[in-house]
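J.: structure for this input, please:
(one chain, ligands or ions: 1)
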Amino acid sequence: MKRPCKNIVLFGPPGAGKGTQATFLKEKYELIHISTGDVFRFNIKNQTDLGNQAKAYMDKGLLVPDSITINMLAAEVEKHPHAKGFIFDGFPRTQDQAKALDALLQSKKTTVHAMIALEVADDILVERLLERGKTSGRPDDANEAVIRNRIKIYYQETDVLKAYYQSQNKYFGVDGVGTILSITERLCDVIDAL
Ligand code: ADP
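T.: Numbers count the residues shown, from 1 in each chain. You can find the predicted model right below:
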């Protein structure tokens, strides 16, 4: 059966498992996966202007300013004019980003079909990120103070987006603790029911 176009916002705090799960979901549903964090890191590695601008914020665990992030996201979407749909991972993270995403998708006669949030307790997040920091080479995973700052900013600026999508009946919470496979299955149950 051919699956219809779906645009999914994969949501949750740092360390919730968005990137891991997006890798499985993009294959299964033939979606384009855009991770804003990955795009920023690619630009930092290649020392582009964008990377140089983003690095100072990321190293401190702060959000990169909306103007930079929104333009970058729009450019990534434009690279895939024939996409069947997208998994947005790490975007939107602020109200203004959510509004910008709505406008962008509307201009393409489509919409966000669901925000699916991976729910994981804070102490597990810190544990996972410190563990990832041993091998990821990510400076923002290596330092517990930076990790805690990212989680704090998530609650200050990003968590409010649940209400934004809830008011449009597009919000779905999924337990993000368990085996990778069991969590993938929970996510697929939500996507298949859309
Ligand atoms: P995590 O979810 O584990 O924090 P990401 O790779 O998604 O990791 O993001 C790493 C960093 O990149 C963030 O702490 C932030 O500095 C920056 N970043 C990523 N996405 C956004 C965004 N949508 N808006 C602002 N900054 C972002």
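
J.: could I get the pLDDT score of residue 5?
T.: Note for residue 5: predicted pLDDT of 80.

J.: whoops, residue 154 was the one
T.: Predicted confidence (pLDDT) at residue 154: the value is 96.

J.: residues touching it, list them.
T.: For residue 154, the set of contacting residues under the criterion of CB atoms under 8 Å, 6 or more residues apart in numbering consists of 13-14, 93. The way it works is simple: take the backbone N, C-alpha and C, and place the C-beta from them, glycine included.

J.: give me the subset of those that also touch the ligand.
T.: Among the contacts of residue 154, the ones lying close to the ligand by the criterion of CB under 6 Å from any ligand atom are 14, 93.

J.: filter the contacts of residue 154 to the buried ones?
T.: For the contacts of residue 154, a burial check counting by 16 or more other CB atoms under 10 Å picks out 13-14, 93.

J.: quick one: the residues you listed as TSV, columns for secondary structure and pLDDT too.
T.: Below are these laid out as TSV (DSSP: H, G, I helix; E, B strand; the rest coil; pLDDT from 0 to 100):
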residue	secondary structure	pLDDT
13	coil	96
14	coil	96
93	coil	98
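
J.: so for stretch 155-168, what gets flagged as buried?
T.: Taking 16+ other CB under 10 Å as the basis for neighbour counts, the residues of stretch 155-168 that come out buried are 158, 161, 164-165.

J.: next: stretch 106-119.
T.: Using 16+ other CB under 10 Å as the burial criterion, the residues of stretch 106-119 that qualify are 112-118.

J.: ok, now stretch 74-82?
T.: Going by neighbour count (16+ other CB under 10 Å), the buried part of stretch 74-82 is 76-77.

J.: got the end-to-end distance for that stretch?
T.: Between the opening and closing residues of stretch 74-82 lies a distance of 15 Å (CA to CA, to the nearest Å).

J.: just to revisit the earlier point, for the ligand, state which of the buried residues of stretch 155-168 is nearest.
T.: Nearest to the ligand among these: residue 158, at 8.4 Å, using CB to the nearest ligand atom.

J.: identify the spatial nearest neighbour of the residue of the chain found nearest the ligand, chain neighbours not counted.
T.: With CB to the nearest ligand atom as the measure, residue 37 is the residue of the chain nearest to the ligand, at 1.8 Å. Leaving aside its chain neighbours, residue 37 sits nearest to residue 90 (4.8 Å; criterion: CB to CB, 6 or more residues apart in numbering).
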